[in-house]
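# coordinates only, no sequence provided:
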Ligand code: KIV
């Protein structure tokens, strides 16, 4: 097992950590940025080993990990616990904590306080928050406190009800130009990067060209500076209806189900555990143990008389 260096203070990137400034350089070089969600320590480690640049502890955890119908119920405590686990596993990628619904909507002060919790108590390198408009002030406040912020526009699941459901955004010229204005405003507010979710590819491509910060697309076409997908979607672990933009790279859910079924059958048929899974003891110790049990039985029998 490798011993990781102690995590330094947030202002000092850990040794081997991808510098956040590298992302703008990757955009300039047209080198695609790879982002994936993760929700636990093995997930963070595997994403790191696979070479991901960014690991998002998404509030999608409310659905993928906690069984809710939407991302809205995710709490700060839950997100802090998951982020702590991911930062224990991921060394090189920047770990971005998703600010859950209710943690930044009320005031700039709340937003800064909660962003600080993520950095100080969970080791996050940055936070992400959904929206523009009123949220620009939140971005300025958090960035002003020295914490990098990733923006998120287009389909913003926390406000899916307001958007009329989980559907693509920016499909009219008017809505597309509004998205571009939001994107520019988030860049001006200090975001280091911007997620574009469920946006027509040509609109995302235009926004990407107009900004100097990198865009990370999910259902936004191939011209974004990077891509993000949800862990459970990539790996075939999520049972709900998959969005159009999901590509499954494995069917881990099926693999887990058949492994658990085989285990259950082995237990029921006495095929597990086998000799190799059990511990032995020296014969003389076993004989002494059995003699002690026999003597216990005799004493108890005498007591009952
Ligand atoms: O919560 C999440 O996983 C996200 C990604 C889909 C961008 O916000």
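Yes, it's here. Keep in mind it's a predicted model, so treat the numbers as computed, not measured.
# show me the shaky parts of this protein.
Where the chain drops to pLDDT under 70, the residues are 1-12.
# give me the contacts around stretch 221-229.
With C-beta atoms under 8 Å, 6 or more residues apart in numbering as the test, stretch 221-229 has contacts from 26-27, 32-37, 53-54, 56, 193, 195-196, 199-202, 204-205, 208, 214-218, 246-247. C-betas here are computed from N, CA, C, even on glycine.
# how far does that stretch sit from its chain's centre?
Centroid separation between stretch 221-229 and its chain, computed with C-alpha atoms, centre = their mean, to the nearest Å, is 17 Å.
# so does it get close to the ligand?
Yes - using C-beta under 6 Å from any ligand atom, stretch 221-229 reaches the ligand at residue 228.
# out of the contacts of stretch 221-229, which are buried?
Neighbour-count burial (16 or more other C-beta atoms under 10 Å) is assigned, among the contacts of stretch 221-229, to 26-27, 33-37, 53-54, 56, 193, 195-196, 199-200, 204-205, 208, 214-218, 246.
# residue 39: what's it in contact with?
By C-beta under 8 Å, 6+ apart, residue 39 lies in contact with 57-58, 61, 64-65, 82, 85-86, 231.
# ok so it is a helix residue?
No - counting by DSSP: H, G, I helix; E, B strand; the rest coil, residue 39 falls outside a helix, being coil.
# and it, backbone torsions?
phi -140, psi 0 (degrees, to the nearest 10).
# what sits up against the helix or strand harbouring residue 290?
Assigned by DSSP states H and E, residue 290 falls within helix 283-304. Here helix 283-304 makes contact (C-beta under 8 Å, 6+ apart) with residue 281.
# before we move on, the earlier item: list buried residues within the contacts of residue 39.
For these, a neighbour count by 16+ other C-beta under 10 Å gives the buried set as 57-58, 61, 64-65, 82, 85-86, 231.
# closest one of the residues you listed to residue 76?
Distances from residue 76 to the buried ones among the contacts of residue 39, taken as C-beta to C-beta, are shortest for residue 82 (10.9 Å).
# roughly how far does the closest one sit from residue 295?
Counting by C-beta to C-beta, to the nearest Å, the separation of residue 82 from residue 295 is 53 Å.
# residues near residue 245, how many?
Residue 245: 17 surrounding residues under other C-beta atoms under 10 Å.
# with distance to the ligand added, can I get the buried ones among the contacts of residue 39 in a markdown table?
Shown next, in a markdown table, are those (distance: C-beta to the nearest ligand atom, whole Å):
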| residue | distance to the ligand |
| --- | --- |
| 57 | 8 |
| 58 | 2 |
| 61 | 7 |
| 64 | 8 |
| 65 | 11 |
| 82 | 11 |
| 85 | 16 |
| 86 | 12 |
| 231 | 8 |
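# quick one: the residues you listed as TSV, columns for secondary structure and distance to residue 154 too.
Shown next, in TSV, are those (DSSP: H, G, I helix; E, B strand; the rest coil; distance: C-beta to C-beta, whole Å):
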residue	secondary structure	distance to residue 154
57	strand	20
58	coil	15
61	helix	20
64	helix	20
65	coil	23
82	helix	24
85	helix	28
86	helix	24
231	helix	20
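# if we can go back for a sec, buried set for the helix holding residue 290?
Within helix 283-304, no residue counts as buried by 16+ other C-beta under 10 Å.
# for the stretch 151-300 of the chain, what lies in contact range of the ligand?
Residues of the stretch 151-300 of the chain found near the ligand (C-beta under 6 Å from any ligand atom) are 152, 195, 197, 218, 228, 230.
# ranges for the strands of this structure?
33-37, 54-57, 94-98, 126-128, 149-154, 193-197, 215-218, 226-229 (DSSP state E).
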